[in-house]
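In: Make a model of this:
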Amino acid sequence: MTRETVLRNARIVLPEEVLHGSVVIREGLIAEISSGQADAGEDLDGDYLLPGAVELHTDHLEYHFSPRPGVRWDPLPAVLASDAQLTAGGATTVLDAMRVGSSADDKRDAAAARARDLADTIELAAGAGLTRAEHAIHVRCEVSAPNCLTAFGEFADDPYVRLVSLMDHTPGQRQYADLEVFKRFHIGKGNVTESGFDAFVAPLLEQSELYADRHRRAIAQLAVERGIPLATHDDATADHVDESVALGGRISEFPTTVLAAGEAAKHNQQIVMGAPNIVRGGSQSGNVAAAELLGLGLLHILSSDYVPSSPLQAVFQLVADGVIGLPEGAALVSGNPARAVGLDDRGEITAGRRADLVRVHAHDLPGTELHPRGLRVPVVRGVYREGVRVA
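Out: Predicted coordinates:
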């Protein structure tokens, strides 16, 4: 018997317009899209219907696995809690970011030390049908760490890996070009004291000099050989972008300057920025604002980064501010990220695509100094993965 679902009386966010009408789902795929009223089906009461968000960069699992310093939660409940929170924010496809590369005696970085265990747990949960969203792995490689290449070797042939990114958080460059920002971050995290900062930084600089370049090149080669999309992280200069392109990078994650974003766009790289940057009105590290890049046509993808609900929040606020329309917003969080990692079967409400859908009610609040036209808060009322309601 054919499995069919009809969602009616919805404002459907299509690639080019918002259409009031109905969507028919058959066997997990979008079968028909029609305007006007339908007599049968689930009444969405005029709410918006968007394609499910495709999340390329979330490290939120780390907060569930290590909710407080020194506290380690059981991996499976941590994965399920993170999955539930991301799905409630509208994500139907999630690439969980696994950080690899840490100092051998690094007690601060439990998630990096347990990256393979956490990935195994994600894959176990996905294989057993325990997750609401579909999950894959994004391997974030801290190339300056001595054990980065060895740790990446545990992921190189994992079929769940859909994205590899190269990052170097060495103080004094890229994201932390301002050393004071690096200091505030790590003191705030309890990783170091003011008096111990110089001793904390010295080995990081030495490790970067010894390992960063060789690891960057070796991991890029392994990723390209396996056909895994490659991203580079926190590019700040034209030289950084040129290096990324030479290594096979197709995605520019969180460029820190307009210059780097412009160079990335010239090379047809997809530019990713964090949705919290949009919501907060700027970068927490003092780097380029995502809204500035969007205004310059230099932003293609929004990720949740550290706030699972932020992509839809950013999109609806940008629409309320008159910056973009909902079709453009849906492309930022669904269509563009799906294409960037080769998931061409989803990301749009189009006949033949997967019925990964999100029902959203837009709740309006009074304006603020940052948003004088008013706040618009997306309230997720339903999430469908391949036509099955999962949240």
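In: Provide a complete list of residue ranges assigned to helices in the stretch 1-150 of the chain.
Out: For the stretch 1-150 of the chain, the helices defined by DSSP state H, counting those that start in this stretch occupy 61-65, 75-88, 110-113, 115-127, 148-153.
In: And these, which one averages the lowest pLDDT?
Out: Mean pLDDT is lowest for helix 110-113 among the helices of the stretch 1-150 of the chain, at a mean of 64.
In: Surely G297 forms part of a helix?
Out: No. Read with DSSP: H, G, I helix; E, B strand; the rest coil, G297 is coil and lies in no helix.
In: Per-residue confidence, the closest residue to it other than its chain neighbours, what does it come out as?
Out: Excluding its sequence neighbours, the residue lying closest to G297 (CB to CB, 6 or more residues apart in numbering) is A265, at 7.5 Å. Backbone N, C-alpha and C define where each C-beta goes, glycine included. On pLDDT, A265 comes in at 98.
In: Quick one: low-confidence residue ranges for this protein.
Out: For the chain, the stretches with pLDDT under 70 are 1, 103-112, 171-192, 194-198, 203, 285.
In: Restrict stretch 313-326 to CA atoms and write it as PDB.
Out: Extracted C-alpha coordinates of stretch 313-326, given in PDB (Å, rounded to 0.1, in the frame of the first residue of the first chain):
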ATOM      1  CA  GLN A 313      16.100  32.300  13.900                       C
ATOM      2  CA  ALA A 314      18.700  34.100  11.700                       C
ATOM      3  CA  VAL A 315      16.600  33.500   8.500                       C
ATOM      4  CA  PHE A 316      13.300  34.700   9.900                       C
ATOM      5  CA  GLN A 317      15.000  37.800  11.400                       C
ATOM      6  CA  LEU A 318      16.700  38.600   8.200                       C
ATOM      7  CA  VAL A 319      13.300  38.400   6.500                       C
ATOM      8  CA  ALA A 320      11.700  40.600   9.200                       C
ATOM      9  CA  ASP A 321      14.600  43.100   8.700                       C
ATOM     10  CA  GLY A 322      13.900  43.300   5.000                       C
ATOM     11  CA  VAL A 323      17.300  41.900   4.000                       C
ATOM     12  CA  ILE A 324      16.200  38.800   2.200                       C
ATOM     13  CA  GLY A 325      13.100  36.800   1.300                       C
ATOM     14  CA  LEU A 326      12.200  33.400   2.700                       C
END
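In: Counting neighbours, which bits of that stretch end up buried?
Out: For stretch 313-326, the neighbour count (16 or more other CB atoms under 10 Å) marks Q313, A314, V315, F316, Q317, L318, V319, A320, D321, I324, L326 as buried.
In: Mind listing residues that contact that stretch?
Out: Identification of contacts with stretch 313-326 by CB atoms under 8 Å, 6 or more residues apart in numbering yields 13, 18, 48, 50, 275-276, 278-279, 291, 294-295, 302, 329-330, 332-333, 360, 362, 364, 371, 373-378.
In: Swap in 6 Å and give it another go.
Out: 13, 18, 275, 278-279, 302, 329, 333, 362, 371, 373-374, 376, 378 (CB atoms under 6 Å, 6 or more residues apart in numbering).
In: cool, and stretch 48-57?
Out: Under CB under 6 Å, 6+ apart, the answer for stretch 48-57 is 10-13, 90-95, 97, 303-304, 311, 330, 333-334, 337-338, 347-349, 356-360.
In: and it, how far out from the chain's middle?
Out: Here stretch 48-57 shows a centroid-to-chain-centroid distance of 10 Å under the convention CA atoms, centre = their mean, to the nearest Å.
In: Stretch 232-249 now?
Out: Centre to centre, stretch against its chain (CA atoms, centre = their mean), the figure for stretch 232-249 is 19 Å.
In: try stretch 366-386
Out: For stretch 366-386, the distance to the chain centre is 19 Å (CA atoms, centre = their mean).
In: Now it: buried residues?
Out: For stretch 366-386, by 16+ other CB under 10 Å, it's H371, L375, R376, V377, P378, V380, G382, V383, Y384, R385, E386.
In: Then stretch 233-246?
Out: H233, D234, D235, A236, T237, H240, V241, E243, S244, V245.
In: give the contact list for the last one.
Out: What that stands for is V245. V245 touches H267, counting by CB under 6 Å, 6+ apart.
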